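Engineer: Any chance you could fold what I've pasted below:
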Amino acid sequence: MAVYDLDLQELPLFAGLKAAEVDQFIQATGAKVKRYGKDTRILKTYEHNDKIGIIAEGEALVIAEDRFGNESVGHRLGRGALFGSTTAILPSYVNPTAIDAVTDVLVLWVPYMALIVAGPKLGRIHGIVMRNLLVAFCRKNVMMVQKLGECKIVCVNRYCMNLLYAPYWGKQR
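Structural biologist: Residues are numbered from 1 along each chain as shown. The predicted structure is shown next:
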């Protein structure tokens, strides 16, 4: 499938760009589209990665691995979702998560270093993509803070319940 058939300009990363500008971006960065079949591991845990992945079509799951090798399902990624950016930007970071295809998936892989150095070639296009990338990172940050707030409330509630009921636990009914 050709890149122009994917309507990439509709993805959040390319918001504000025309299809021709997205094609220009892909040419300048050397981005590639790769197809993954259902139930395929797109990105392995602890794998070195120097590209930012954008789901162009299909759905995937984030799989978290603990220190014992146990896997748990994180959340779903759909069209337009970014992944792999942490390891692409911070190559020394060892990421304990994997990405698994739930359906057939098309991923647009953008080499991070090519994205950074493409600024002079792309001008305004580069500025728009970088702004959209920062917006995506900020949204992830806000969601993470909200989840931490929810976890904090649950933990405080459990702690309070433990304090309230602790005197009764040792007694027989």
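Engineer: Show me where the protein dips below the pLDDT cut-off.
Structural biologist: 1-4, 151-152, 154, 156-173 (pLDDT under 70).
Engineer: which residues of it fall in strands?
Structural biologist: 32-36, 41-43, 51-57, 60-65, 71-77, 82-83, 97-101, 105-111 (DSSP state E).
Engineer: Now render these as a markdown table, adding distance to residue 128.
Structural biologist: Every residue, glycine included, has its C-beta placed from N, CA and C. Compiled in a markdown table, the strands of the chain are given as follows (distance: least, Cβ to Cβ, whole Å):
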| stretch | distance to residue 128 |
| --- | --- |
| strand 32-36 | 20 |
| strand 41-43 | 26 |
| strand 51-57 | 15 |
| strand 60-65 | 26 |
| strand 71-77 | 23 |
| strand 82-83 | 16 |
| strand 97-101 | 26 |
| strand 105-111 | 14 |
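Engineer: Figure out which of these is closest to residue 139.
Structural biologist: Set against residue 139 and scored by Cβ to Cβ, these come closest in strand 82-83, at 10.0 Å.
Engineer: and that closest one, what other elements does it pack with?
Structural biologist: Counting contacts by 3 or more Cβ pairs under 8 Å, 6 or more residues apart in numbering; DSSP states H and E, strand 82-83 is packed against strand 51-57.
Engineer: OK, contacts around the residue nearest the centre of the chain?
Structural biologist: Central residue of the chain (Cα atoms, centre = their mean): residue 83, 2.8 Å from the mean position. Neighbour list for residue 83: 42-43, 52-53, 55, 60, 62, 77, 99 [criterion: Cβ atoms under 8 Å, 6 or more residues apart in numbering].
Engineer: now, which of those sits nearest residue 117?
Structural biologist: If you rank these by distance to residue 117 using Cβ to Cβ, residue 52 comes first, at 14.3 Å.
Engineer: What's opposite the closest one in the beta bridge?
Structural biologist: Applying DSSP bridges to residue 52 yields these beta-bridge partners: residue 110.
Engineer: residues contacting it?
Structural biologist: Contacts for residue 52 (Cβ under 8 Å, 6+ apart) come out as 82-85, 88, 109-110, 112, 115, 133.
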